[in-house]
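Q: Here's my sequence, what's the structure:
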Amino acid sequence: MSKGRFNPNKRMYEESSVQDVLGTMIQGYNLEKGFDKVNVREAWNRLLGNGIANYTTQIELRRSTLYVSLSSDVLREELSYGIDKIIRMINEDLGKEVITKIILR
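A: Presented below is the predicted three-dimensional model:
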């Protein structure tokens, strides 16, 4: 076989999915917390919708607490009644328990 050509037999037992390789790299370089911060912001906006996202001025994940700043006192009060449900929704969306507490500001 000429140099540079693909040989499927050579790699048969070394195959890994892209997801496995990326997961290993993320853990190896300690990037998981950074990805969680980005994913939580995206989940908040996606799950709670544009209406709430428009009043959300800041989202910050520190350890397992999500700090959310809102520009509407009325919305903050309304969301405070459903904190447990929001935590469940975001964690389910992310496929793991990232958030244990939400503080609305």
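Q: helices and strands around the longest helix anywhere in the chain, which ones?
A: Secondary structure of the chain per DSSP state H: the longest helix is helix 32-55. Where contact means 3 or more CB pairs under 8 Å, 6 or more residues apart in numbering; DSSP states H and E, helix 32-55 is packed against strand 56-62, strand 65-70, helix 73-80, helix 83-94. Heads up, the C-betas are built off the backbone N, CA and C, glycines and all.
Q: Can you give me the neighbour number for Thr100?
A: Per other CB atoms under 10 Å, the neighbour tally for Thr100 reads 11.
Q: Report the contact partners of it.
A: If you count contacts by CB atoms under 8 Å, 6 or more residues apart in numbering, Thr100 has them with 64-65, 87.
Q: middle-most residue in the chain, spatially?
A: Geometric centre of the chain, nearest residue: Asn39, 2.4 Å, by CA atoms, centre = their mean.
Q: Distance of that one relative to Arg76?
A: Distance, Asn39 to Arg76, using CB to CB, to the nearest Å: 23 Å.
Q: now do Glu42
A: When CB to CB is applied, the distance between Glu42 and Arg76 equals 21 Å.
Q: pLDDT score assigned to Met12?
A: Met12 is assigned 42 on the pLDDT scale.
Q: cool, and Gly28?
A: 61.
Q: Same check on Thr24?
A: Looking at Thr24, its pLDDT reads 72.
Q: quick thing: my sequence starts at 531, can you match it?
A: Sure, I'll start numbering at 531, so the last one becomes Thr554.
Q: right, and the secondary structure at it would be what?
A: Here Thr554 is recorded as helix under DSSP: H, G, I helix; E, B strand; the rest coil.
Q: Let me see the contact set for it.
A: Counting by CB under 8 Å, 6+ apart, Thr554 touches no other residue.
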